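S.K.: prediction below, plus the sequence it came from.
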Amino acid sequence: MSIIAKPEGPARQGSVPRQRAPSNVEFYSWIFMRISGILLIGLVFTHIGIMHVLEGGVSRVNFAFVCGRWSGPFWQTWDWAQLFLATLHGANGMRIVMTDYIRSPQKRLAAKTLLSIAAGLMIILGTITILTFSPLDCAPPSA
Amino acid sequence: MRDGRARRAAPALSRERESDVSAVRQAQPRGRKSFYRGGEGMLTWVLHRVSGVALFGFLFVHVLDTSLVVVSPGLYNGVIELYHAPIVKLMEMGLVGAVLYHGLNGLRITLVDFWSKGAARNKMMMRVQTVVFVVLLLGALIPMTAQLIDEIQRNGII
């Protein structure tokens, strides 16, 4: 990790006065993308393998299938970790893309606001889904 | 308006100045229409970005459809039924490709960032990445094509 260094502000003897302390947000988000990315490879590749490749794929996914998987804490935690990490990883990536391509500050602010609302909704909705799902509801579906 | 006044009053957001732009243009090799040199490094960057944006859009929809599980089992099953259509299976194959590409490329980027030999070994890693990508993609697409054929035989191409 010797290559990694925190960004430093201008030198104290320099000509540019420091107006505010340098922020490390970009540094930590850079680290987060890599750490979450590594974790997501394990989580998502396995998830895709189970859902799409093995044993007939999506055709076997239905409410009863979800009942079986979410009956215990392992897959509930796995899926919530996927939700949390993937949403933040993706939203941060979108933030970077928006910063690159949206020139007007007002439109950029609007886009980033919508993005943070969408990301927040995804995490809240997904958390509610996993927490309120009850295996007791796993009677055969009526429809 | 293409009068001289408008051209001089460049928007404050644009940081390009006449001298910078002309300097870059003069530095450009002849016969090239774009500033960009292209190459496989730029291609991997573009694909990483495109796959990432596409995956985020997919994730948004996926969180929504999975949340139906706590609304009503019948509704959830109904929506999943829609996903059995062959056209959706083709989109799933694209999804698997996007996930594989974005993940493998991201892994290479992380190795370049954190491994002392990463930058030196980048070209080799790109070749390994391509091979692994093709192998894993085929490994996924072959069963998925079998599923697609199975679905078409059972329910037709709608």
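M.R.: Structure received. Residues are numbered from 1 along each chain as shown, chains lettered A, B, ... in the order given.
S.K.: please count neighbours and contacts with C-alpha atoms only from this point.
M.R.: Will do.
S.K.: Three-state assignment for the closest residue to residue B:111 other than its chain neighbours, please.
M.R.: Distance criterion CA to CA, 6 or more residues apart in numbering or on different chains; nearest residue to residue B:111, sequence neighbours excluded, is residue B:118 at 5.5 Å. Following DSSP: H, G, I helix; E, B strand; the rest coil, we place residue B:118 in the coil state.
S.K.: the residue of chain B found nearest chain A: what secondary structure?
M.R.: Nearest to chain A in chain B, going by CA to the nearest CA, is residue B:74, at a distance of 4.8 Å. Of the three states, residue B:74 takes helix under three-state DSSP.
S.K.: so the residue nearest to residue B:111 sits against residue B:124, correct?
M.R.: No: at 9.7 Å, residue B:118 does not count as touching residue B:124 under the criterion of CA atoms under 8 Å.
S.K.: buried set for the longest helix along chain B?
M.R.: Counting residues, the longest helix in chain B under DSSP state H turns out to be helix B:122-155. When burial is assessed from 16 or more other CA atoms under 10 Å in any protein chain shown, helix B:122-155 yields the following buried residues: B:122, B:125-126, B:129, B:133, B:137, B:140-141, B:143-145, B:147-148, B:151.
S.K.: residue B:65 against residue B:77, yeah?
M.R.: No: between residue B:65 and residue B:77 there is no contact under CA under 8 Å: 10.3 Å.
S.K.: which one's more surrounded, the two?
M.R.: Neighbours were counted for residue B:65 and for residue B:77 using other CA atoms under 10 Å in any protein chain shown; residue B:77 has more, 19 against 14.
S.K.: can you give me the helices for chain B?
M.R.: Taking DSSP H as the criterion, chain B carries its helices at B:4-8, B:18-27, B:40-67, B:73-82, B:86-114, B:122-155.
S.K.: contacts for the lowest-mean-pLDDT helix or strand in chain A next, please.
M.R.: Within chain A, no helix or strand scores below helix A:63-69, which has a mean of 94 by mean pLDDT, DSSP states H and E. With contacts defined as CA atoms under 8 Å, 6 or more residues apart in numbering or on different chains, helix A:63-69 is touched by A:75-76, A:135, A:138, A:140-141, B:69, B:73, B:76-77.
S.K.: excluding its backbone neighbours, what's nearest residue A:123?
M.R.: Nearest one to residue A:123, counting by CA to CA, 6+ apart, is residue A:84 at 6.3 Å.
S.K.: just to revisit the earlier point, turn the helices of chain B into a markdown table, including mean pLDDT.
M.R.: Shown next, in a markdown table, are the helices of chain B (pLDDT from 0 to 100):
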| stretch | mean pLDDT |
| --- | --- |
| helix B:4-8 | 50 |
| helix B:18-27 | 66 |
| helix B:40-67 | 97 |
| helix B:73-82 | 95 |
| helix B:86-114 | 97 |
| helix B:122-155 | 96 |
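S.K.: tabulate those helices (JSON lines), appending distance to residue A:108.
M.R.: Formatted as JSON lines, these follow (distance: least, CA to CA, whole Å):
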{"stretch": "helix B:4-8", "distance to residue A:108": "25"}
{"stretch": "helix B:18-27", "distance to residue A:108": "25"}
{"stretch": "helix B:40-67", "distance to residue A:108": "16"}
{"stretch": "helix B:73-82", "distance to residue A:108": "34"}
{"stretch": "helix B:86-114", "distance to residue A:108": "25"}
{"stretch": "helix B:122-155", "distance to residue A:108": "34"}
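S.K.: how about the contacts made by the residue nearest the centre of chain B?
M.R.: Central residue of chain B (CA atoms, centre = their mean): residue B:51, 1.7 Å from the mean position. Taking CA under 8 Å, 6+ apart, we find residue B:51 in contact with B:98-99, B:101-102.
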